[in-house]
Structure formats: structure tokens, C-alpha cells
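Enquirer: sequence first, predicted model second:
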Amino acid sequence: MSSSKYGVPDLDTASKKKLSPVQIAIYVFLVIICMTYIFPLLWVFNVSFKTNKEIFTAPFALPERISFDNFSFAWTAGKLGIATLNSFIVCVAALVLSSLIGSMAAFGIARLRWKGSKLTMTYFLIGMMIPVHCVLIPLFTRFADMHLSNSLIGIIIPYLTFSLPITIFIMTGFFKGLPNELIECACMEGANIFQIFFKICLPLSKTGLFVTGLMTFVGNWNELLLAMVFISDETKKTLPVSLSKFVGPYNTNYSQMFAAIIIAIIPTIIVYCAFSNKIVDGLTAGAVKG
């Protein structure tokens, strides 16, 4: 029995502590879930270096030689460069606008006292229940009349609209969890409503912005239906639409398609890895606020 004189168990004793069967089962389950998500990504990365013959003959084996021909062909023939730029412009614009407008609306609902706050919140929550398929035809006809059906603005507007409800919903919870004393103190010091929002409430709720920002960016980056319907110009198509070119009705070049998929998912992986800690902190903070 080893214990330090300060009552703290030694590391040797802690390391010899056996795991309970429940803990072992939880760890095994988590490892299985992790492999379930990671294995398809690793497999796609592996076959992106192969030829079509290698994919069909040995789909799980390592490639015979490492070649970036599939990536160069996918980048040039699939015009992924301009498509990536278009997706970046659309997603960043929708992200900035939804974060700004959504956080301001959430602040008004959560912290300002007015009669229509609950009704307004219900109105935005209804927007989360409306699928994009229900408004696709009306949006297309309206945008065609406004000459927005073949422009990046015609994609940014619906992306912004469908991103606002979840942004307002999450940010409202963060703003409600802020202490009232901070806002009362700012009011006593003579701060106006914009100073309270931008200098006090918004910085304290930045973890919520990271959560909603990642959800907005990833969701819009992978969106296909609206971009395929509204955009017909090759120079204005987004990345998911350009990926569909590699799948033909009679023939599909799988090796080049998988290489294009790897190129398409790299930005989302980078964004998630860069802000993963902020996202976990934001979800944890939102869970304990009441």
C-alpha cells in the first residue's frame, strides 16, 4: 500500500488500478465507433492513388505505386479550382451573414423585453422544420424573375435563410445564460445597446459562434441540391456540383472520383481540426447553462 505523506495516491498505485467490465465495454464500443467513421475515409484516401483496375482487383490492398495523376486530372479536368473558390465565397459569405444577423436576432430575443419575443422565436424554429424540397420550385421561379438563378448571390440567399434558424436557436441559449449583472452594470456606465452586444455579450458567447459557424460552413460546403438547380454556368458551379461530373450514366472513373472527393473534404477537415476544442467547449458550455 503506497500513499504519499500528503494523502495523494502514488502513480504506481493509480496505474495498477484495474478497469471495471463496464469501463472496458465502453472503451471497446468507442473504439468500434471511431473505426467505423475513420475506416471509410482511410479507404477513400487509399484508393485515390490506385487505377480502376487496382480498385476492382484489390480494393483493400495498398496501391502498387504512389502517383498523384488522379489528383492532377481531377483538379484540371473537373475544374475543381474555380469550383473550390466558388464554394469558399458562398460558404464564407453565408457564414458571416448568418453569424452576424443570427446573433443579433438571438440577442434581441434573449435579452430584450418585448411582447413578440416568444412568437418570433417560434417563427424561427418553424424554419428548422421546413425541408428545402418544399421551397425549391417557388425559389427557382422567384429567382428567375429577379435574374438571380444563375449567380452566386442566388445561392448565398437560401444558404443564409436556412442557416439562420439553427444559429438563432443556439445563440439564444448562450445569451440567456449570461449574468444579468454584466448588462445592468454596462447600462449604469452609459453603454448603449450596440456596445452591450458587440463588447460584452458577443465576446462572452464566442464559443456558440464557433459551434454554429462550423455547422453552417460544413452544411453549406456539402450542399448539392440548391447549387445544382440554381447554377448552370460552368464557371459558377460549386464543389459538390463539380464532383457529380465524375459519375456518368454509362461509365464512372472511380479512381479520379475518389481523388476529387479527397480534395473536396480537405477544407472541412482542416476547419474542424482547427476549431475542434472551441466546438467541444461550446457544446459543454451550452449544456450546463440554464
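Expert: Noted; the coordinates are in hand. All figures in this text were calculated on a predicted structure; none of them were measured in a lab.
Enquirer: for the stretch 1-150 of the chain, give me the ranges with low pLDDT.
Expert: Flagging of the stretch 1-150 of the chain using pLDDT under 70 yields the residue ranges 1-17.
Enquirer: ok, how many other residues are close to residue 29?
Expert: 10 (other CB atoms under 10 Å). Glycine gets a C-beta too; all of them are placed from N, C-alpha and C.
Enquirer: now do the same for it: helix, strand or coil?
Expert: Three-state call for residue 29 (DSSP: H, G, I helix; E, B strand; the rest coil): helix.
Enquirer: list the contacts for it?
Expert: Listed by CB atoms under 8 Å, 6 or more residues apart in numbering, residue 29 has no contact partners.
Enquirer: and the gap between it and residue 38?
Expert: Distance from residue 29 to residue 38, counting by CB to CB, to the nearest Å: 15 Å.
Enquirer: and if you look at residue 126?
Expert: Per CB to CB, residue 126 is found 37 Å from residue 38.
Enquirer: same question, residue 198
Expert: The spacing between residue 198 and residue 38, counted by CB to CB, is 40 Å.
Enquirer: what ranges do the helices span in the stretch 151-290 of the chain?
Expert: With DSSP state H, counting those that start in this stretch as the criterion, the stretch 151-290 of the chain has helices at 153-176, 180-188, 193-196, 202-204, 206-221, 225-230, 239-243, 254-288.
Enquirer: for these, which one sits closest to residue 55?
Expert: Residue 55 lies closest, by CB to CB, to one member of the helices of the stretch 151-290 of the chain: helix 254-288, at 5.4 Å.
Enquirer: mean confidence score for the closest one?
Expert: For helix 254-288, mean pLDDT is 75.
Enquirer: re the thing from before, of residue 198 and residue 38, who's got more company?
Expert: residue 198 (13 against 10).
Enquirer: residue 170 and residue 211 touch, don't they?
Expert: Yes. Assessed by CB atoms under 8 Å, residue 170 is found in contact with residue 211 at 6.1 Å.
Enquirer: since we're on the residue nearest to residue 235 when sequence neighbours are not counted, how many residues are nearby?
Expert: Excluding the flanking residues, the one nearest residue 235 by CB to CB, 6 or more residues apart in numbering is residue 82, at 6.0 Å. For residue 82, the neighbour count with other CB under 10 Å is 15.
Enquirer: gap between residue 82 and residue 76?
Expert: Per CB to CB, residue 82 is found 11 Å from residue 76.
Enquirer: and residue 268, by the same measure?
Expert: Separation of residue 268 from residue 76 (CB to CB): 22 Å.
Enquirer: between those two, who's got more neighbours?
Expert: Neighbour totals were compared for residue 268 and residue 76, and residue 268 leads with 15 against 10 (other CB under 10 Å).
Enquirer: how far away is that one from residue 222?
Expert: For residue 268, the distance to residue 222 - CB to CB - is 8 Å.
Enquirer: please list the outside residues in contact with stretch 112-128.
Expert: For stretch 112-128, the external contacting residues (CB under 8 Å, 6+ apart) are 105, 108-109, 161-162, 164-166, 168-169, 172, 193.
Enquirer: what's the closest of those residues to residue 259?
Expert: Using CB to CB, residue 162 is the member of the contacts of stretch 112-128 that lies nearest residue 259, at 30.1 Å.
Enquirer: isn't the closest one up against residue 133?
Expert: No. Counting by CB under 8 Å, residue 162 does not reach residue 133; the two are 11.9 Å apart.
Enquirer: which one's more surrounded, those two?
Expert: Applying other CB under 10 Å to residue 162 and residue 133 shows that residue 162 carries more neighbours, namely 22 against 8.
Enquirer: skipping adjacent residues, who's closest to the more buried one in space?
Expert: Of all residues not flanking residue 162 in the chain, residue 132 sits nearest, at 6.6 Å (CB to CB, 6+ apart).
Enquirer: list the residues that contact that neighbour.
Expert: Here residue 132 is in contact with 158, 162, 225-226 (CB under 8 Å, 6+ apart).
Enquirer: what does residue 77 give?
Expert: By CB under 8 Å, 6+ apart, residue 77 lies in contact with residue 256.
Enquirer: how close does it get to residue 246?
Expert: Separation of residue 77 from residue 246 (CB to CB): 9 Å.
Enquirer: fine by me, we can end here.
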